[in-house]
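Participant: next comes the sequence, and after it the predicted model I'd like to discuss.
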Amino acid sequence: MIRERAIERFCTQALDEFGAVIANTDEPVHDRYLRLYELVQQRDKQLSSIFDSYSRSMASLQPTLIRSNGLADESLIAELSEAFRKQTAPAIVDSE
């Protein structure tokens, strides 16, 4: 359930980005096309790297990637064990 909602959230965000590129009439059509093509490729690589691995080694990393990319339904995560939440919590990077 968490994975499915995360995929849906990822795809919704990507489609919103694609729509913004398409709707930007300040840029020439060809430039928008090239930007859209590049963006689709980037998002496809991201989608693959986050969701396509079903190996045992990725099983513990995938929830962390989902959470660190802001794709998790945190209300569902809250229902899981504290140990799991701690294990998959995104690392906080101090910017100072």
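Facilitator: Cool, got the structure.

Participant: lowest average confidence, helix or strand, in the chain?
Facilitator: helix 56-59 (a mean of 66; mean pLDDT, DSSP states H and E).

Participant: quick one: the helix or strand following it to chain centroid distance?
Facilitator: Using DSSP states H and E, the helix or strand that directly follows helix 56-59 along the chain is helix 61-68. Relative to the mean C-alpha coordinate of its chain, helix 61-68 is positioned 9 Å out (C-alpha atoms, centre = their mean, to the nearest Å).

Participant: which positions in the host helix or strand of His30 come out as buried?
Facilitator: Element membership of His30 [criterion: DSSP H and E] is helix 29-51. By neighbour count, with 16 or more other C-beta atoms under 10 Å as the criterion, the buried positions of helix 29-51 are Arg32, Leu36, Arg43, Ile50, Phe51. Glycine gets a C-beta too; all of them are placed from N, C-alpha and C.

Participant: and stretch 16-32, by the same measure?
Facilitator: Counting neighbours by 16+ other C-beta under 10 Å, one finds that the buried residues in stretch 16-32 are Val21, Arg32.

Participant: again, but for stretch 5-18
Facilitator: Residues of stretch 5-18 classed as buried by neighbour count (16+ other C-beta under 10 Å): Ala6, Arg9, Phe10, Ala14.
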